[in-house]
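In: just to be clear, the model below is a prediction. Sequence and coordinates:
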Amino acid sequence: MNPALAKNPNVALSKSGVKPFVVKPVKELHGQIHLPGDKSIAHRAIILSALVYGKTRIDNFPPNDDCLETISVFRKLGIKITKGNNIFVFGKGLTGFNKPKGPIFINESGTTLRLLLGVLSGQNFKTQIKAGKVLSRRPMARVTRPLRSMGALIRGKAGKWESGQMEEYPPIMVKGGVLKGITYELPVASAQVKSALLLAGLFAKEETKVIEPVKTRDHTERMLAVFKAAIKVKGNTITINGSRKLSSPGSIYVPGDISSAAFFLVAASFLPNSRIILKNVGLNPSRVGIIKVLKRMKANIKIRNYRSNGEPVADIEVKGSRLYATRIAKNEIPSLIDELPVLMVASSLAKGRTVIEGAQELRVKETDRINSMIENLVKMGAKITSSRKDVQENIAIEGVGCLQGANLKSYGDHRTAMSMIVAGIAAKGNSKIDDISCISKSFPGFIKSLNALKSKI
């Protein structure tokens, strides 16, 4: 294990009873790693495999907390799923689920919750879905309202009024039934809401159309096509017809997660003399915003061995370079929303002033990521401000060239925690992060993977 990234047994316990994680500076990174499967694709692979008749094998399934929650949910709905080197799902068709014996608890997996709402909207039984403490504070009306208009009976915990309508939160009660197709324009770009409506559309007799304000990640559309759904994509409009029977492709390979790759892309980009290779990474066109932005920042990134089988996959080579500031436009945000925290780290080390436009969606993630990243990076000497005009929030970052080690907080958020580890290896002096156990939500092997890269301290 690389001692620069090991927990220090001599550090006193934090208030939560967890030893802080100590990060020391690293001069350069070398080597190659295989990343866990893409979390977004893995969720959808389980769901659609459960919705068809027969057995589907899923390769390179990521063993993170969120994806394991999706497996747990469908087991509670009567689907047999076995785990080993590969995942095998024994689907029972669109309406083959069993009514669960009690409430379904999905912990903190927002993707599981929103996509599950679409599936349960087409089932002829009532289900209560409960969530963990953090997810129970995340807004759900953006998905419950359009599903109600399709005919599902959905009731969530009432919250405050927003724009003349009441917000809703978990726990949520769903009573499905006969659904009707609708045409729905998403008021906010959201791949999860879009996916929930498309899954519900599988149960509707008429066509369901979802119109996006800007393109979001299209894993659901791609996988529905692989499962032979009657789906059409034209520009920002996706149309699905539930009249066609789904069929299993037999096996699905889940490519490496580009969101997990982002931390290594940034780290190797700003550490001089580094050279790493990330193997078999998914390069879905709706997800490569992180690469486009880093290349604009003059990062030395090359794509090798590109191929496609439903989802584009390639190896990514990254070498250390000098980074320069850029402007991230609001229409780019959907393609890199999960990568913004670590891009804020890169921008703090770049030369010049970076502006991120339309970043307000970060306020309603697992934590308020604008707050968590600004609070931490300012402690390390970064110069960051946020400003809001109407509904749009922008972030401005003046590159300082070098960060200082500091006492940091994860805020219980996996992407904040991993971003601050990346910041810590580039800083002068040691950093301490109060608790990084939250990393298991998306990337439990993150520290092991980082340690696998040869480095000089």
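Out: Looks like it arrived, so ask away. Numbers count the residues shown, from 1 in each chain.
In: return the helix or strand in the protein with minimum mean pLDDT.
Out: Every helix and strand of the chain was ranked by mean pLDDT, DSSP states H and E. The lowest is strand 454-456, at a mean of 59.
In: so the spatially most central residue of the chain, which of the three states?
Out: In the chain, the residue lying closest to the centroid (Cα atoms, centre = their mean) is residue 338, at 5.7 Å. When classified by DSSP: H, G, I helix; E, B strand; the rest coil, residue 338 comes out as helix.
In: just give the nearest non-adjacent residue to it, would you?
Out: Nearest residue to residue 338, sequence neighbours excluded (Cβ to Cβ, 6 or more residues apart in numbering): residue 259, at 4.6 Å. In this view, the C-beta of every residue, glycine as well, is placed from N, C-alpha and C.
In: for the one you found, give me its contacts.
Out: Counting by Cβ atoms under 8 Å, 6 or more residues apart in numbering, residue 259 touches 38-39, 287, 290, 338-339, 415, 442.
In: now render these as a markdown table, adding pLDDT and distance to residue 60.
Out: A markdown table is the format used below for the contacts of residue 259 (pLDDT from 0 to 100; distance: Cβ to Cβ, whole Å):
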| residue | pLDDT | distance to residue 60 |
| --- | --- | --- |
| 38 | 96 | 9 |
| 39 | 95 | 12 |
| 287 | 93 | 16 |
| 290 | 97 | 20 |
| 338 | 94 | 19 |
| 339 | 97 | 21 |
| 415 | 96 | 21 |
| 442 | 93 | 15 |
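In: give me every residue that touches residue 144.
Out: Taking Cβ under 8 Å, 6+ apart, we find residue 144 in contact with 117, 154, 156, 168, 172.
In: out of the residues you listed, what pair is the most spread apart?
Out: 117 and 168 (10.9 Å; Cβ to Cβ).
In: more crowded one of those two?
Out: residue 117 (27 against 19; other Cβ atoms under 10 Å).
In: name the helix or strand for that one, please.
Out: Residue 117 is part of helix 110-120, with elements assigned from DSSP states H and E.
In: burial count for residue 81?
Out: Look at residue 81: counted by other Cβ under 10 Å, it has 19 neighbours.
In: residues contacting it?
Out: Residues near residue 81 by Cβ under 8 Å, 6+ apart: 46, 50, 71, 74-75, 87-90.
In: which residues in the stretch 201-350 of the chain form strands?
Out: Per DSSP state E, counting those that start in this stretch, the stretch 201-350 of the chain carries strands over the ranges 207-211, 230-234, 237-241, 251-253, 275-282, 300-309, 311-319, 327-328.
In: now those as JSON lines including mean pLDDT and mean neighbour count?
Out: Below are those laid out as JSON lines (pLDDT from 0 to 100; neighbours: other Cβ atoms under 10 Å):
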{"stretch": "strand 207-211", "mean pLDDT": "98", "mean neighbour count": "20"}
{"stretch": "strand 230-234", "mean pLDDT": "97", "mean neighbour count": "15"}
{"stretch": "strand 237-241", "mean pLDDT": "97", "mean neighbour count": "19"}
{"stretch": "strand 251-253", "mean pLDDT": "96", "mean neighbour count": "20"}
{"stretch": "strand 275-282", "mean pLDDT": "97", "mean neighbour count": "21"}
{"stretch": "strand 300-309", "mean pLDDT": "94", "mean neighbour count": "12"}
{"stretch": "strand 311-319", "mean pLDDT": "97", "mean neighbour count": "20"}
{"stretch": "strand 327-328", "mean pLDDT": "98", "mean neighbour count": "18"}
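In: now distance to residue 420 too, for those strands, in TSV please.
Out: Output for these, formatted as TSV (distance: least, Cβ to Cβ, whole Å):
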stretch	distance to residue 420
strand 207-211	36
strand 230-234	38
strand 237-241	37
strand 251-253	32
strand 275-282	20
strand 300-309	23
strand 311-319	20
strand 327-328	20
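In: which of the contacts of residue 259 fall within helices?
Out: Per DSSP state H, helices hold the following members of those: 39, 290, 415.
In: which of these has the most neighbours?
Out: With neighbours taken as other Cβ under 10 Å, the top of those is residue 415, carrying 28 neighbours.
In: which ones are touching that residue?
Out: Residue 415 sits next to 259, 338, 341-342, 365-366, 369, 442 when contact means Cβ under 8 Å, 6+ apart.
In: lowest-confidence one in those?
Out: Across the contacts of residue 415, the smallest pLDDT goes to residue 366, namely 83.
In: quick check: it is in a helix.
Out: No: counting by three-state DSSP, residue 366 is not part of a helix but coil.
In: begin at 50, not 1, for the rest of this chat.
Out: Let's use 50 as the start, then, which means that last one is residue 415.
In: measure it to residue 156 for me?
Out: 12 Å (Cβ to Cβ, to the nearest Å).
In: joint contacts of the two?
Out: residue 184.
In: between these two, who's got more neighbours?
Out: Remark: of residue 415 and residue 156, residue 415 carries more neighbours, 22 against 19, as counted by other Cβ under 10 Å.
In: many thanks, have a good one.
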